[in-house]
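Peer 1: Show me the folded form of this:
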Amino acid sequence: MPDQPIDEMQELIQDFIVETEEILEGLDQCFVKLEEAPGDLELINEIFRAAHSIKGSAGFLGFTRLVEVAHQSENVLNKLRQKEMQADPETIDIILESVDVLKGLIKEVKDGSGECVDIGPIKRKLALLLEYAGESNAGDTKGHENVAAALNQVQGSLRPEVAGSNEQKSPPPLIPPVPPLEKGGILQEGEGKGGGGSEQEKDQTLRIDTDRLDQVMDLVGELVLSRNRLGKILSDIEELYDGDEKIKTLLETASNLNLITTDLQLAVMKMRMVPVRKVFNKFPRMVRDMARRADKKINLEMYGEATEIDKSVIEELSDPLVHLIRNSIDHGIEPPAERVKYGKPEYGTIRLGAFQEGNAIAIQIEDDGKGIDPAVVERKAREKGLIRPQDIKLAPKEVIKFIFEPGFSTAEKVTDISGRGVGMDVVKTNISRINGIIDVNSEVGKGTQIILKIPLTLAIIQVLMVKIDDEIYALPLSSVLETFRVSRGSIKSVDGQDILNVRDRLIPLVKLSNVLDIHTEETTKEWVYVVLMAIAEKRVGIIVDELCHQEEVVIKSVGTYFTDIKEVSGATITGDGKVGLILDPGALISRHKDLTT
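Peer 2: Numbers count the residues shown, from 1 in each chain. The predicted structure is shown next:
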């Protein structure tokens with residue numbers, strides 16, 4: 001019983017952290033919009049309410065450092081609201097810095113790490129803004145210069161520093177540190193936003209620990225396996241007792257059970273879904289800051305933010321999107337003068353969107369910059385030995401794929417944004433990890449379009465069952481582009497590598513039996529089956545003995561039994577009760593490279 005008040009306080013703090021993090025995410029976007037429309041009073045009031053909400057909640061819980069920064073920011077926002085100050089870029093820069101400090105202070109609370117963020121510099125900057133507000137607003141050029149000069153005198157950065165400055169420390173709150181929220185609650189859409197929603201609306205949402213959702217998902221997975229098994233058994237019984245009325249009734253009941261299981265599975269998967277806006281929301285601020293640093297003018301357009309994807313998948317998306325957008329800013333969009341010279345608008349445009357495509361989510365990043373020049377990429381690839389003199393001539397689309405190689409960069413100089421050849425390798429690695437596909441389309445002088453296709457969920461997946469030497473194997477359907485039945489005569493060999501021409505595109509082939517080191521007798525069949533697979537930017541054709549059927553399966557861990565066999569990502573129970581190994585497309589393609597080099 002003595003622990004109950006502490007538990008309740010921990011719950012309050014966790015609620016505060018989740019809600020404040022969501023408010024701060026929204027503020028980044030609000031300030032970018034405010035810079036575009038400085039006189040939007042409704043937007044300023046929305047920002048002011050958010051800052052006031054953070055200050056009030058922090059004060060109630062005793063986080064005085066948070067209160068100090070929020071209060072000072074609130075004072076500046078009030079000046080904007082009263083039209084005693086202009087929302088110019090320099091002012092927005094400082095307020096955004098205060099938002100970054102608030103994020104750092106929230107991280108302190110979350111980690112229980114003590115006072116690591118020095119709030120002195122930002123408090124002085126905000127105080128100077130307030131001091132010179134009148135001069136700036138009056139349109140006095142000297143007032144602006146005074147602000148700039150005074151701010152230049154404020155030394156120190158917003159990087160976390162070890163506490164120990166001369167600033168008087170506020171006493172720590174009388175609350176124990178909060179455990180990290182990595183497996184904390186899920187904040188449903190519409191909850192926890194400062195000043196938003198009625199009490200009735202708030203009562204319609206509920207925070208659930210993700211561990212509980214995972215447990216329900218596991219149980220649904222077992223139900224799916226049992227449904228598949230039951231379906232196979234009933235199919236066999238129907239053949240034996242065709243026409244029996246009781247069997248018909250049993251089949252109808254099983255069909256209804258199948259529908260209910262499918263609906264339940266979709267409902268549980270929906271509970272784990274989160275909108276991609278949770279990732280997208282940080283990009284308006286990022287594009288704005290980087291464009292200012294690179295002295296470029298860029299508009300970011302976003303669509304499809306409400307598209308939902310599994311929580312486990314969305315966690316892998318953030319880093320790839322950051323690197324792709326950084327590349328668009330640094331390598332894609334030209335400086336304003338250059339754009340005008342080539343007849344383009346002064347402002348470059350980056351479009352970021354999401355939409356559902358079958359059983360996958362497509363994320364599209366597009367810019368109207370200078371595009372990727374295949375000739376430049378090919379020259380760099382030859383310099384690095386990625387293309388040998390004796391290699392066949394590659395199509396431009398194939399050449400562009402070299403940008404995903406580790407350490408590959410076409411930049412003439414390294415900037416603080418990009419140019420080290422690391423970013424695109426991160427994109428490839430993260431997207432490969434979730435069995436995603438990368439497609440790049442670029443036209444010199446027009447721009448670049450990159451599409452990421454990623455599975456909706458990683459727990460229950462659709463697979464294509466194939467046979468090798470009478471053994472069943474499962475290939476994730478999200479990585480299967482198409483299947484062929486081709487004659488042996490259509491398969492050509494170039495430098496010892498089997499090649500198939502698919503609509504004027506050369507696809508390397510590899511036998512699945514060779515990849516898995518399965519010794520099979522050479523067949524004399526005239527036709528062979530090929531599964532065209534894709535992972536990240538790579539494409540390869542897998543030759544199998546037989547194409548069986550598609551099935552919905554649950555991935556089961558194989559523990560330490562297959563530790564040394566990277567091509568196996570898990571196992572599943574098939575409809576006939578047998579164990580089928582689920583193959584990892586990324587490892588298959590990597591193994592193919594080993595077999596052909």
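
Peer 1: pLDDT at the residue lying closest to residue 511 once chain neighbours are set aside, what is it?
Peer 2: The spatial neighbour of residue 511 that comes closest, neighbours along the chain excluded (CB to CB, 6 or more residues apart in numbering), is residue 543 at 4.6 Å. Glycine gets a C-beta too; all of them are placed from N, C-alpha and C. The predicted structure scores residue 543 at 90 on the pLDDT scale.

Peer 1: What is the burial count for residue 543?
Peer 2: Look at residue 543: counted by other CB atoms under 10 Å, it has 21 neighbours.

Peer 1: likewise residue 241?
Peer 2: If we define neighbours as other CB under 10 Å, then residue 241 has 12 of them.

Peer 1: which ones are touching the nearest residue to it once chain neighbours are set aside?
Peer 2: Using CB to CB, 6+ apart and skipping residues adjacent in sequence, the residue nearest residue 241 is residue 247, 4.7 Å away. When contacts are counted by CB atoms under 8 Å, 6 or more residues apart in numbering, residue 247 touches 237, 238, 241.

Peer 1: Can you list the buried residues in the helix or strand hosting residue 247?
Peer 2: Assignment of secondary structure by DSSP states H and E places residue 247 within helix 245-271. By 16 or more other CB atoms under 10 Å, the buried positions in helix 245-271 come out as 251, 261, 265, 268, 269.

Peer 1: for stretch 64-71, same thing?
Peer 2: Buried residues in stretch 64-71 (16+ other CB under 10 Å): 65, 66, 67, 68, 69, 70, 71.

Peer 1: how far is that stretch from where the chain is centred?
Peer 2: The gap between where stretch 64-71 is centred and where its chain is centred comes out at 32 Å by CA atoms, centre = their mean, to the nearest Å.

Peer 1: Strand partners (parallel or antiparallel) of the strand or helix carrying residue 486?
Peer 2: Assessed by DSSP H and E, residue 486 sits inside strand 480-487. Sheet neighbours of strand 480-487, with direction, are listed as strand 527-535 (antiparallel) (DSSP bridges).

Peer 1: C-terminal to the strand it pairs with, what's the next element?
Peer 2: If you walk from strand 527-535 toward the C-terminus, the next helix or strand you reach (DSSP H and E) is strand 538-544.

Peer 1: angle of that following strand against strand 480-487?
Peer 2: Our comparison of strand 538-544 with strand 480-487, counting by axes from the mean of the first three to the mean of the last three CA atoms, to 10 degrees, yields an angle of 50 degrees.

Peer 1: Run through who's touching strand 538-544.
Peer 2: Strand 538-544 is touched from outside by 401, 466-468, 473, 475, 481, 484, 500, 502, 507-512, 515, 528-533, 588-589, 592, with contacts defined as CB under 8 Å, 6+ apart.

Peer 1: who's in contact with residue 271?
Peer 2: Taking CB under 8 Å, 6+ apart as the contact definition, residue 271 lies against 208, 213, 216.

Peer 1: Point out where the stretch 251-400 of the chain drops to low pLDDT.
Peer 2: For the stretch 251-400 of the chain, applying pLDDT under 70 flags the ranges 390-392.

Peer 1: can you do 80?
Peer 2: Residue ranges of the stretch 251-400 of the chain with pLDDT under 80: 315, 358-359, 387-395.

Peer 1: Equivalent analysis for the stretch 101-250 of the chain, please.
Peer 2: Regions of the stretch 101-250 of the chain meeting the criterion pLDDT under 80 cover residues 112-115, 131-210, 242-243.

Peer 1: all helices for it, in order.
Peer 2: In order along the chain, the stretch 101-250 of the chain carries the following helices (DSSP state H, counting those that start in this stretch): 120-131, 133-137, 141-153, 199-202, 210-240, 245-271.

Peer 1: could you point out which element follows the last one?
Peer 2: Per DSSP H and E, the first helix or strand lying C-terminal to helix 245-271 is strand 273-275.

Peer 1: Count the residues that sit near residue 21.
Peer 2: Taking other CB under 10 Å as the criterion, the count of residues near residue 21 is 18.

Peer 1: Secondary structure class of it, three-state.
Peer 2: Following DSSP: H, G, I helix; E, B strand; the rest coil, the label given to residue 21 is helix.

Peer 1: does it really touch residue 106, like I thought?
Peer 2: Yes: between residue 21 and residue 106 there is a contact at 6.2 Å, judged by CB atoms under 8 Å.

Peer 1: Which residues are in contact with each of those two?
Peer 2: Both residue 21 and residue 106 lack any common contacting residue under the criterion CB under 8 Å, 6+ apart.

Peer 1: For the stretch 301-450 of the chain, just list every one of the helices.
Peer 2: Listed in chain order, the helices of the stretch 301-450 of the chain (DSSP H, counting those that start in this stretch) span 311-314, 318-327, 336-341, 374-383, 396-400, 423-433.

Peer 1: For the second one, buried residues please.
Peer 2: Residues of helix 318-327 classed as buried under the neighbour-count rule (16+ other CB under 10 Å) are 320, 321, 322, 323, 324, 325, 326, 327.

Peer 1: and if you look at stretch 485-499?
Peer 2: When burial is assessed from 16+ other CB under 10 Å, stretch 485-499 yields the following buried residues: 486, 491, 497, 498, 499.

Peer 1: now, which of the residues you listed sits nearest residue 333?
Peer 2: Proximity to residue 333 was ranked across the buried residues of stretch 485-499 by CB to CB; first place goes to residue 499, at 37.8 Å.

Peer 1: can you give me the offset of stretch 91-108 from its chain's centre?
Peer 2: Taking the mean C-alpha point of stretch 91-108 and that of its whole chain, the gap between them comes to 23 Å (CA atoms, centre = their mean).

Peer 1: May I have that stretch as PDB, with CA atoms only?
Peer 2: Provided in PDB are the C-alpha atoms of stretch 91-108 (Å, rounded to 0.1, in the frame of the first residue of the first chain):
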ATOM      1  CA  THR A  91      12.800  35.300 -33.900                       C
ATOM      2  CA  ILE A  92      11.400  31.900 -35.100                       C
ATOM      3  CA  ASP A  93      15.000  30.500 -34.900                       C
ATOM      4  CA  ILE A  94      15.300  31.400 -31.200                       C
ATOM      5  CA  ILE A  95      11.800  30.100 -30.300                       C
ATOM      6  CA  LEU A  96      12.600  26.800 -32.100                       C
ATOM      7  CA  GLU A  97      15.800  26.600 -30.000                       C
ATOM      8  CA  SER A  98      13.600  26.900 -26.900                       C
ATOM      9  CA  VAL A  99      11.500  24.000 -28.200                       C
ATOM     10  CA  ASP A 100      14.700  21.900 -28.600                       C
ATOM     11  CA  VAL A 101      15.600  22.800 -25.000                       C
ATOM     12  CA  LEU A 102      12.200  21.700 -23.800                       C
ATOM     13  CA  LYS A 103      12.700  18.400 -25.700                       C
ATOM     14  CA  GLY A 104      16.000  17.900 -23.900                       C
ATOM     15  CA  LEU A 105      14.400  18.700 -20.500                       C
ATOM     16  CA  ILE A 106      11.600  16.100 -21.200                       C
ATOM     17  CA  LYS A 107      14.300  13.600 -22.100                       C
ATOM     18  CA  GLU A 108      15.900  14.400 -18.700                       C
END
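
Peer 1: can you pull the contacts of the nearest residue to residue 577 once chain neighbours are set aside?
Peer 2: Across the structure, with CB to CB, 6+ apart as the measure, the residue nearest residue 577 apart from its sequence neighbours is residue 229 (6.0 Å). In this structure, residue 229 makes contact with 573, 575, 576, 577, judged by CB under 8 Å, 6+ apart.

Peer 1: Show me just the buried residues among those.
Peer 2: Buried residues within these, defined by neighbour count using 16+ other CB under 10 Å: 573, 575.

Peer 1: Take the contacts of residue 229 and keep only those in strands.
Peer 2: Using DSSP state E to define strands, the subset of those located there is residue 573.

Peer 1: Show me what stretch 345-355 is in contact with.
Peer 2: Stretch 345-355 is contacted by residues 276, 280, 283, 287, 296-305, 307, 309, 321, 325, 328-329, 332-334, 336, 339-340, 361-369 when judged by CB under 8 Å, 6+ apart.

Peer 1: Against residue 118, how distant is residue 93?
Peer 2: For residue 93, the distance to residue 118 equals 18 Å [CB to CB, to the nearest Å].
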